[in-house]
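In: Here you go, sequence then predicted model.
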Amino acid sequence: MSDLEKPAKRLLDVLRGTRLDPPPVWLMRQAGRYLPEYRALRAQKGGFLDLAYDPASATEVTLQPIRRFGFDGAILFSDILVVPHAMGQDLWFEEGEGPRLAPQLVDTALTALTPAPERLQPIYETVRRVSATLPTETTFLGFAGSPWTVATYMVAGQGSRDQAATRRLAYRDPIAFAAIIDAIVTTTIEYLSGQVEAGVDAVQLFDSWAGTLSPVQFDQWVIAPNRRIVDGLRARHPNTPIIGFPKGAGGKLAAYATGTAVDAVGIDETVDPVWAHANLPAGLPVQGNLDPLVLIAGGAELDQAVDTILAAFAARPHIFNLGHGILPDTPIAHVEQVLKRVRG
């Protein structure tokens, strides 16, 4: 099949600035625990990392929601913490408690880590396998965690509600903390470049904890490092769109969009889509921002929420998505309801 005969990648077209009606759809964490086929594979395979680092299993998980729902985008099945793992920290998951990293950089020098970039090779193999299997019309999205969010786990050794240990370190010893951020930036550029070379069409930067910072720290630890990643990746792969998702940025969203120069901005569920359309740069593609909890609720409330978002972004390139990741107790019928509503 020639390039002229291939079906268009609608999501990729929107990331490049085209307004489409209906908008393309994918959902953050669409490959995961709400799907019975995922739970069956997880029970067979074992722990989360056993899935993520096994290319055959990770390929299967990435493709599951595409087979079931026909989303316009497939998101690589992996985790943001493979980057600190490749930087030399030990990584494991405690059952029911989440990820753990050691040694904690709150009291260990970055120079104590021995980089292990070979740990990323299985991820690249997964990308190659998915790219070879994915329907031609489906956009393949790679991703990485943004430096601030990744650093919060590296410093504290685990997730936290307020990222206090990391924020304190950034205030107390900004030189040491800047070295951590710099190292994450360098590794992330290499990692995303490897994903692109293996076959992804676009990438997303997840900054899950961007909303915990003061305006000054937001500029220093969110906008500036992400801009360096955007510039570094764009220098190598100028045709690969980059989505930035600074969860919790709120009123700082417009400054993030212009300061990072991302190709599209993801919007969380706390942001009024009407405000976002009015305040973000004209023509900038946006992604979002359905509340994952209204997706669980379903019914007329879900239909109304979908309609509100579609109306707010009717004059702008838009990718319909959630405002954060899909939750494990989400009914499959409600996902189908959203797709029917969006696609008409």
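Out: All right, it came through fine.
In: What residues does the closest residue to Asn279 other than its chain neighbours make contact with?
Out: Spatial nearest neighbour of Asn279, chain neighbours left out: Ala254 (4.9 Å); criterion: CB to CB, 6 or more residues apart in numbering. All C-beta spots, glycine's among them, are computed from the backbone N, C-alpha and C. Contacts for Ala254 (CB atoms under 8 Å, 6 or more residues apart in numbering) come out as 279-281.
In: Can you give me the buried ones in the helix or strand encompassing Ala254?
Out: Here Ala254 sits within helix 253-260, counting by DSSP states H and E. Within helix 253-260, the residues that count as buried by 16 or more other CB atoms under 10 Å are 253-257, 259-260.
In: I'd like the distance from it to the chain centre, please.
Out: 17 Å (CA atoms, centre = their mean, to the nearest Å).
In: helix or strand right after it?
Out: Helix 253-260 is succeeded, C-terminally, by strand 264-267 (DSSP H and E).
In: Among the contacts of Ala254, which lie within helices?
Out: Residues of the contacts of Ala254 located in helices (DSSP state H): Asn279.
In: Just give the number of residues close to Arg128.
Out: 15 (other CB atoms under 10 Å).
In: give the contact list for it.
Out: 198-199.
In: tell me which element it is part of?
Out: Assigned by DSSP H and E, Arg128 belongs to helix 121-133.
In: Output the contacting helices and strands for the longest helix anywhere in the chain.
Out: Longest helix in the chain, counting residues (DSSP H): helix 174-198. Using 3 or more CB pairs under 8 Å, 6 or more residues apart in numbering; DSSP states H and E as the contact test, the elements touching helix 174-198 are helix 82-86, helix 121-133, strand 139-145, helix 147-156, helix 164-172, strand 202-207, helix 224-236.
In: at 7 Å instead, please
Out: helix 82-86, helix 121-133, strand 139-145, helix 147-156, helix 224-236 (3 or more CB pairs under 7 Å, 6 or more residues apart in numbering; DSSP states H and E).
In: And the shortest one, what does it pack against?
Out: Going back to what we said before, that points to helix 82-86. Contact here means 3+ CB pairs under 7 Å, 6+ apart; on that basis helix 82-86 packs against helix 147-156, helix 174-198.
In: Which of the contacts of Ala254 sits closest to Ala102?
Out: Closest to Ala102 out of those is Leu280 (39.9 Å), distances taken as CB to CB.
In: so who does Arg19 touch?
Out: For Arg19, the contact set (CB atoms under 7 Å, 6 or more residues apart in numbering) comprises 316-317.
In: Would you verify that it is located in a strand?
Out: No - in this structure, Arg19 is coil, not part of a strand, as judged by DSSP: H, G, I helix; E, B strand; the rest coil.
In: just use 47 as the starting number from now, easier for me
Out: I'll keep to 47 as the first residue from here, and by that count the last item is Arg65.
In: Kindly state the pLDDT recorded for it?
Out: Note for Arg65: predicted pLDDT of 98.
In: Also Glu141?
Out: 79.
In: What distance do you get for it to Trp321?
Out: Distance, Glu141 to Trp321, using CB to CB, to the nearest Å: 40 Å.
In: hmm, back to that, do you know which of the helices and strands packed on helix 128-132 lies nearest Pro181?
Out: Using CB to CB, those put helix 220-244 closest to Pro181, at 17.9 Å.
In: picking that back up, is it possible to export the helices and strands packed on helix 220-244 to a markdown table including mean pLDDT and distance to Ala346?
Out: Rendered in a markdown table, the data for the helices and strands packed on helix 220-244 read as follows (pLDDT from 0 to 100; distance: least, CB to CB, whole Å):
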| stretch | mean pLDDT | distance to Ala346 |
| --- | --- | --- |
| helix 128-132 | 98 | 41 |
| helix 167-179 | 98 | 37 |
| strand 185-191 | 98 | 31 |
| helix 193-202 | 97 | 35 |
| helix 270-282 | 98 | 38 |
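In: Would you mind putting those into CSV with distance to Gly240 alongside?
Out: Below are these laid out as CSV (distance: least, CB to CB, whole Å):
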stretch, distance to Gly240
helix 128-132, 10
helix 167-179, 5
strand 185-191, 9
helix 193-202, 16
helix 270-282, 10
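In: Near Ser260, how many other residues are there?
Out: Other residues within reach of Ser260, judged by other CB under 10 Å, total 11.
In: same deal with Ala270?
Out: Around Ala270 there are 16 residues (other CB under 10 Å).
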